[in-house]
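[1] got a predicted structure plus its sequence, pasted below:
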Amino acid sequence: MKRVLITGAAGFLGSHLSDKFISEGYDVIGMDNLLTGSMDNIAHLMPHQHFNFYHHDVTKYVHIPGELDYVLHFASPASPIDYLKMPIQTLKVGSLGTHNLLGLSKAKNARMLIASTSEVYGDPLVHPQTEEYWGNVNPIGPRGVYDEAKRFMEAMTMAYHTFHNVETRIVRIFNTYGPRMRVNDGRALPAFFSQAIRGDDITVFGDGTQTRSFCYVSDLVDGIYKLLLSEYTLPVNIGNPNEITIKAAAEEVIRLTNTSSKIIHTELPKDDPKVRQPDITKAKKILDWSPKVDRKDGFALTYDYFKGVVSCNN
């Protein structure tokens, strides 16, 4: 039985990845310091004989006894509300955490996949974004702690691949949504759904013309799984290229939830990207991957989840 270590396992993406690898017959070691993750996300896995959880901070030395085949590094604050509150931790998990896990992968002869992000493209001057685009990032702006942590992650990973022959994979994740996102995550869709369910007005930053491309979590997980098992070592965009304005997404949420909420506009945060759309040509060609869940169905599934957690929290 293959063994995989998933860091950030109690988070939104990490918990869905843990489900995926359990379903595929892997022995899964989940690791999380619970800084932004929640044990609720993996409570259903705790009794499983092939799931073990380590409460650990990957910026400290990481030791895993026995053999290890794969490492997936998904530990990191991932929303602006988190990394603005925890800038040092965000930088450390992208640098020290990545270094520790690459060292572990080298020692275990394991293949390592890192969770990079579309944020490496910053506020892009190229649209849609291809993997060859180097980005437009403000390294000392408020978002720089996350953007540069991920860019450093990529550089460190490629260095270990080039100089130590560690098997590595890099996924650049675009906006993803679905069950297990935190209500107070601070990102657009959790805010829209929770506000609509409560009957509050929906808050849109700026005039709402900025765009995003939302990928349902099951599609993202399938893309990551295919990338891990592929032989491609350069970064690959995984996301849904179906672009929509933030205002239009808010309007779709209002229609779906049948709420009387109004859209109110607040100041656009500094360095907030104006456009975001993945070019997924590489994923289609190399991985034979493209998203299957359309936004209407994905939003409905996400609404069902948030109805439960928002009412529980009220």
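    Thanks, I have the structure now. Numbers count the residues shown, from 1 in each chain.

[2] go through stretch 260-267 and flag the buried ones.
    S261, I263 (16 or more other C-beta atoms under 10 Å). Where C-beta positions appear, they are placed from N, C-alpha and C, glycine not excepted.

[3] which stretches of this protein have low pLDDT?
    Counting by pLDDT under 70, the chain shows low-confidence ranges at 312-314.

[4] identify all contacting residues around stretch 81-101.
    5, 7, 35-36, 58-62, 71, 73, 75-77, 112, 114, 142-143, 145-146, 148-150, 152-153, 156-157, 184-187 (C-beta atoms under 8 Å, 6 or more residues apart in numbering).

[5] which among those end up buried?
    Buried among the contacts of stretch 81-101 (16+ other C-beta under 10 Å): 5, 7, 35-36, 58-59, 62, 71, 73, 75-77, 112, 114, 143, 145-146, 148-150, 153, 156-157, 185, 187.

[6] surely F306 touches S194?
    Yes - between F306 and S194 there is a contact under C-beta atoms under 8 Å: 6.1 Å.

[7] returning to what we had before: which ones among the contacts of stretch 81-101 lie within helices?
    Among the contacts of stretch 81-101, DSSP state H puts V145, Y146, E148, A149, K150, F152, M153, M156, T157 in helices.

[8] kindly indicate which of these lies nearest T168.
    T168 lies nearest to T157 out of these, by C-beta to C-beta, at 4.9 Å.

[9] in contact with K2: list those residues for me.
    G25, Y26, D27, D69, Y70.

[10] distance of it from S15?
    Distance, K2 to S15, using C-beta to C-beta, to the nearest Å: 19 Å.

[11] now do the helices in this protein.
    12-23, 80-85, 87-108, 144-164, 188-198, 217-229, 246-257, 281-287, 295-313.

[12] and T211, which of these is closest to it?
    helix 246-257 (7.2 Å).

[13] could I get the closest one in CSV with only the CA atoms?
    Provided in CSV are the C-alpha atoms of helix 246-257 (Å, rounded to 0.1, in the frame of the first residue of the first chain):
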residue,chain,number,x,y,z
ILE,A,246,-17.5,39.3,-9.0
LYS,A,247,-20.7,41.3,-9.2
ALA,A,248,-22.2,38.6,-11.5
ALA,A,249,-21.2,35.9,-9.1
ALA,A,250,-22.9,37.8,-6.3
GLU,A,251,-26.1,38.1,-8.4
GLU,A,252,-26.0,34.3,-9.1
VAL,A,253,-25.8,33.7,-5.4
ILE,A,254,-28.8,36.0,-4.7
ARG,A,255,-30.9,34.2,-7.3
LEU,A,256,-29.9,30.7,-6.0
THR,A,257,-30.6,31.6,-2.4
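
[14] got the buried residues for that helix?
    I246, K247, A249, A250, E251, V253, I254, L256, T257.

[15] for the first one, which non-adjacent residue is spatially closest?
    In space, and not counting its chain neighbours, I246 is closest to G208: 4.9 Å by C-beta to C-beta, 6 or more residues apart in numbering.

[16] ok, that neighbour touching I244?
    No - contact between G208 and I244 fails when scored by C-beta under 8 Å: they sit 10.6 Å apart.
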